[in-house]
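[1] only geometry, no sequence info:
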């Protein structure tokens, strides 16, 4: 599996040769640098640690700075990718050309936060009658037993914080790879707000 760290910029649209419009999400990929390699013999599994977005050395503490090998500047965003399908060395830089042969990708990000939400918005409850005097418009209804033990079981769908969860959206079509500008143009629901970091992975199920 291959993957990169990118930043969700926003949306735009593309026209193909037939004049068909395709809405796409733009993901900006700065050079991803190999910070560390993990091996099966030493760490128990194979993985590479990629980092992007340089940080001024003066803004990094000495313990954090010590995690980066010589020749690699401190990075703002780090992510570990297991079983990377490419031979890499520490200090190598990766770009969007890694996905030149890919047609579909999986995108991992933090979903938009919705704040405190009720059961109708959070879980899709139907609610009660909207007629006058029903007294049960958007309430969740009963949440526990009426007899002993009178408690609420774990996992009950109730109002609460909605969003801000780690979300993986699979099989999004990769419409275009702009190696010159370092952009990936992806069709589909890319999770997260604009200017948030996402992980773009080679699709597990896509062909």
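    Structure's in. What do you need? This one's a predicted model, so the numbers in the text were calculated from it and none came from an experiment. Numbers count the residues shown, from 1 in each chain.

[2] rest of the way, CA atoms for contacts and neighbours
    OK.

[3] where exactly do the strands run in the chain?
    Per DSSP state E, the chain has strands spanning 3-15, 21-28, 32-38, 47-54, 75-82, 93-94, 104-110, 115-117, 160-162, 166-178, 183-187, 197-202. These are given in chain order.

[4] Redo those as TSV? Include mean pLDDT.
    What follows is the strands of the chain, written out as TSV (pLDDT from 0 to 100):
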stretch	mean pLDDT
strand 3-15	95
strand 21-28	96
strand 32-38	93
strand 47-54	93
strand 75-82	94
strand 93-94	93
strand 104-110	96
strand 115-117	97
strand 160-162	96
strand 166-178	95
strand 183-187	96
strand 197-202	96
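
[5] can I get these in TSV with mean neighbour count and distance to residue 136?
    Compiled in TSV, the strands of the chain are given as follows (neighbours: other CA atoms under 10 Å; distance: least, CA to CA, whole Å):
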stretch	mean neighbour count	distance to residue 136
strand 3-15	19	40
strand 21-28	19	41
strand 32-38	22	53
strand 47-54	21	51
strand 75-82	17	47
strand 93-94	18	56
strand 104-110	22	34
strand 115-117	13	17
strand 160-162	14	19
strand 166-178	17	33
strand 183-187	23	41
strand 197-202	22	41
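
[6] Please identify which of those strands is closest to residue 147.
    strand 160-162 (25.6 Å; CA to CA).

[7] Tell me the helices and strands packed up against that closest one.
    Secondary-structure packing of strand 160-162 (3 or more CA pairs under 8 Å, 6 or more residues apart in numbering; DSSP states H and E): strand 115-117.

[8] Pipe the strands of the chain into CSV and attach distance to residue 141 per row.
    CSV is the format used below for the strands of the chain (distance: least, CA to CA, whole Å):
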stretch, distance to residue 141
strand 3-15, 39
strand 21-28, 40
strand 32-38, 50
strand 47-54, 48
strand 75-82, 43
strand 93-94, 53
strand 104-110, 31
strand 115-117, 15
strand 160-162, 15
strand 166-178, 29
strand 183-187, 39
strand 197-202, 38
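
[9] of the ones you listed, which approaches residue 62 most closely?
    Of all those, strand 75-82 comes closest under CA to CA, at 13.5 Å.
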